[in-house]
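In: got a predicted model here, sequence first, then my questions.
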Amino acid sequence: MPAAATASEVPAPARAWFARPRSGGTLLLAALVVLAPLALPNAYAYEIAIQIALNAVVCVGLNLLIGYAGQISLGHAGFFALGGYASAILASRYGVPVWLALPGACAGVGALAYVLGRPTLRLKGHPLAMATLGLGVIISITLTTEDKWTGGPDGMQVPPLVLFGLTVQGEHAWYWITGALLVGTVWLALNLIDSPNGRALRALHGSEVAAQTLGIDCARFKLQVFTLSAVLAALAGALTAHYAGFITPAKASFLHSVELVIMVVFGGMASVFGAVVGAAVMTLLPQVLTVLKDYEMMVFGAVLVATMVLFPQGLVPTVSRWWRGRPQ
Amino acid sequence: MSGAWLQFIASGLTAGAIYALVALGFTIVFNASGAINFAQGEFVMIGGMSAATLVAAGVPLPLAILLAVATAIVVALVIERVAISPARHAGTVTLIIITIGVSLFLRGLAQLVWGKGVFRLPGFSGEEPIALFGATLLPQSLWVLGGAAVAVMALRFFYGRTLAGKAMLATSFNRLAAQLVGINTRAVLFASFGLAALLGAVGGVLIAPIAFTSYDAGIMLGLKGFAAAMLGGLGSFPGAVLGGLVLGLLEGLGAGFVSSAYKDAIAFVVILAVLFFMPGGFLGARSSDRV
C-alpha cells in the first residue's frame, strides 16, 4: 500500500476551527444532510439518499481499517449481511423487540469479528486479502445454505424497525435516522483519527516494526479497528435490512465486499470525507447508468478504470490537493 | 468405496488442473507488477465463450481453439496498454481496483456480445464416459489433465530455456536490477498479460465441454485461481500448480464425502487454516517485514 496515501490529511494546527475536518467538516456534512431534502424531489430520491448514507457508514468504518491502518479487507460484506440476518432472525424467530435485536446483532457480529480477527490480522498484504475474502465467502455460503434459518438463496422477510414504541415508516423518517447516523459516524471517525489510538493506527500503517519499537501494541490496535469497522458494517447492514423489509445472501457476496472497497478507494483512502464521497458516487452511478441498460456494467467498469488511472489517490485527496494549489 | 474415492479424486484433479492454469496466470502478472489481476477469470471466460461460438458457427475445433486463445491474448494486451500500464506506478490497492474495473468492463462486454445464455463446447474426443476401476471418467477430463500438463511444461521451458523467459524471471526477482542489465521491464509487464491470458484461455477452452460457460463464468474461476495461487504461495510457479491441484482435490472430496453445498466453504476453511500457520502458502517465500 502506498505510504503517500496516508500523508494527505495531516491536520494543520494553525487552521481556524471551521477549517478543521473534525469540527468544520462535520458541521458542513450536517448542514448538507439538513439541506439536502430541499433538493430531493420524490420518495425515490430519498431512497437513494438513504442508501448513500448507509453505504457511507460502512465505508467510513472500512476506511479506518484500509486507509488509516493499512489493512485490507475483502470480506466486509459478510459482516454487513450477518448484521442484517442476525437482527432479522432475532426479531422474527425469537420475538426479540427490534430495538434490542439490532444492537444485539451488532454486538454479536463485533464479538465474531474480534474472535476471527485475532488470527486473521496476523497476516499482511495479499494473504490478509485472501483470508478476509475467505471469511466473507464462508459467511456467504453459510447464509445461502442454512435455509432453515435464513430462507436460503431467496432471502427472508425482515420486520420493520420499531424505536420507542413507534414503527419507523416512510422515507422521511428513515432519511433523518440514517442521516444522523452518518454525521455521528463521521464525527466519531474524525475524533478517533486525531486520538492517540488513531495516531497509533497511522504509525503501524507506516511500519509495524517501527511502531512496535515505540511501544505500540500493533495487534491490539489492528483488532480494535477491525472490530469497529465490522460493527459499523453490521449496523448499516441491519438498518438496510429493516428499511428494505427483506434481505438476501447477495448482500454477503464477494462482489458486494469488492463494491465496498471500491467505494473507499474511489473516494480516496485515508480520507473520511473521501469515503463518504466514494459511497455517494458509487451508489448514484449505477442508478444513473440504468438508462444505458445493456451497457451498464461495461460503462461502470470503464468509469472505474478511468477514474483510478487519472486519480490514483482517489477523488477527494486529489481534489483537495488541487484546491490547496499543490497539484501532485 | 475405492471407486467413489477415485471418482472424487478424478473430478477434483480435473477442476484443480484448471485452477492451476488460472493460478499460474495470477502468478505471472503478480511477478511482473506486484498486483493481483482480478480480470484473470475473464480471460478464461473469453477463451471458453469464443471457442464455443466459433465451433457453433462451423469453424473446425483446432482452428476455433487457436482463434479463441488469440482473442483472449489480444484483449489482454489492449487492456494492459490502456488501463494497466498508465497506472503502473500507482499503489497496489489502486492497481487491484483497476483490474476489478477491467473485469467488470469485460463481463459487461461479454454480456453484450453473447447475451446471458449458457454456452457449451462439444467434447474434444466424444462424450462416451470411460469406466476405470469403478469410476467413470469423461474423456474431456483426460484432455484437461493432459492439456494443463503440456501448458505447465511449455511454461517451464519458456522460463528456463528462452531469453525472453529468463528476462521475465529476472524482473520478478528484482525489477531494478533487471532494468540495470538492460531488460525492458515495461515490455515484460506487457508480455506477462499476454502470457497470463494465454494460460487462462487454454484453461477456459479445456473446461468448456465439462462446465458450461457463460458471461459471468469468470468470477468464480478467478476467485478459485487466486485462492489456489495464495494456497501454493503467491509468486511461486510450482506453488500455483500445487495450490490449484490441492484446491481441486479439497473441493472434489469435500463435495463427495461431506456436502456439495459446502464444498467451496470447506476449501476456504482449509485455505484459512493453511494461511494462519503458513502465511506464505505451501511454497511461498518466507516474508520478512520491511522496517
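Out: Okay, I see it. Computed from a prediction, not measured in an experiment: that's the story for all the values here.
In: stretch B:187-204 close to chain A?
Out: No - contact between stretch B:187-204 and chain A, assessed by C-beta under 8 Å from any C-beta of the partner chain, is absent, since the two come no nearer than 14.4 Å. In this view, the C-beta of every residue, glycine as well, is placed from N, C-alpha and C.
In: what comes up buried for that stretch?
Out: For stretch B:187-204, the neighbour count (16 or more other C-beta atoms under 10 Å in any protein chain shown) marks B:188-204 as buried.
In: restricted to helices, list those residues.
Out: The helices, defined by DSSP state H, take in B:188-204 from the buried residues of stretch B:187-204.
In: now name the helix or strand holding the nearest residue to B:Ala265 once chain neighbours are set aside.
Out: Taking C-beta to C-beta, 6 or more residues apart in numbering or on different chains, and ignoring the residues beside it in sequence, B:Ala265 has A:Ile141 as its nearest neighbour in space, at 4.3 Å. Per DSSP states H and E: A:Ile141 is located in helix A:125-145.
In: quick one: low-confidence parts of chain B?
Out: When residues are selected by pLDDT under 70, those of chain B lie in B:1, B:285-291.
In: my guess is A:Leu201 contacts A:Tyr68, does it?
Out: Yes - look at A:Leu201 against A:Tyr68 with C-beta atoms under 8 Å: they come within range, at 4.9 Å.
In: now do the shared contacts for these two.
Out: When contacts are counted by C-beta atoms under 8 Å, 6 or more residues apart in numbering or on different chains, A:Leu201 and A:Tyr68 are jointly contacted by A:193, A:225.
In: and for A:Gly244, the neighbour number?
Out: One thing to correct before we go on: residue A:244 is Ala, not Gly. Using other C-beta atoms under 10 Å in any protein chain shown as the criterion, A:Ala244 is surrounded by 16 other residues.
In: so it is in contact with A:Pro160, correct?
Out: No - using C-beta under 8 Å, A:Ala244 makes no contact with A:Pro160, being 10.2 Å away.
In: residues making contact with the helix or strand bottoming out on mean pLDDT in chain A?
Out: For chain A, scoring each helix and strand by mean pLDDT, DSSP states H and E identifies strand A:166-167 as the least confident one, at a mean of 80. The list of residues contacting strand A:166-167 from outside it, by C-beta under 8 Å, 6+ apart, reads A:160-161.
In: residues in contact with B:Ser259?
Out: A:145, B:266.
In: and if you look at B:Leu13?
Out: Applying C-beta under 8 Å, 6+ apart to B:Leu13 gives the contacts B:145, B:245, B:248-249, B:252.
In: surely it is within a helix?
Out: Yes - the assignment for B:Leu13 is a helix, going by DSSP: H, G, I helix; E, B strand; the rest coil.
In: if I look at the residue nearest to B:Thr14 when sequence neighbours are not counted, how far off is B:Gly248?
Out: The shortest distance from B:Thr14 to any non-neighbouring residue, by C-beta to C-beta, 6+ apart, is to B:Ser141 (4.4 Å). Note on B:Ser141: its distance to B:Gly248, by C-beta to C-beta, to the nearest Å, is 11 Å.
In: between those two, which contacts overlap?
Out: With contacts taken as C-beta under 8 Å, 6+ apart, the residues that reach both B:Ser141 and B:Gly248 are B:Thr14.
In: in chain B, which spans are strands?
Out: With DSSP state E as the criterion, chain B has strands at B:130-132, B:135-137.
In: most tightly surrounded among those strands?
Out: Scoring the strands of chain B by mean neighbour count under mean count of other C-beta atoms under 10 Å in any protein chain shown gives strand B:135-137 as the most buried, with a mean of 16.
In: so how far is that strand from its chain's centroid?
Out: Average the C-alpha atoms of strand B:135-137, do the same for its chain, and the two points are 25 Å apart (C-alpha atoms, centre = their mean, to the nearest Å).
In: which neighbours in the sheet does that strand have, and how are they oriented?
Out: Next to strand B:135-137 in the sheet, as set by DSSP bridges, lie strand B:130-132 (antiparallel).
In: distance of B:His89 relative to A:Thr318?
Out: Between B:His89 and A:Thr318 the distance, using C-beta to C-beta, works out to 15 Å.
In: no no, B:Ala208
Out: Taking C-beta to C-beta as the measure, B:Ala208 and A:Thr318 are separated by 43 Å.
In: cool, and A:Trp149?
Out: Relative to A:Thr318, A:Trp149 is positioned 45 Å away (criterion: C-beta to C-beta).
In: neighbour count: the two, which is higher?
Out: Between A:Trp149 and A:Thr318, counted using other C-beta under 10 Å, the more crowded position is A:Thr318 (19 against 14).
In: check contacts around that one.
Out: Going by C-beta under 8 Å, 6+ apart, the list of residues near A:Thr318 reads A:268, A:311.
In: please state the offset of the strand or helix carrying it from the chain centre?
Out: Element membership for A:Thr318, per DSSP H and E: helix A:315-323. A distance of 21 Å separates the centroid of the chain from that of helix A:315-323, by C-alpha atoms, centre = their mean.
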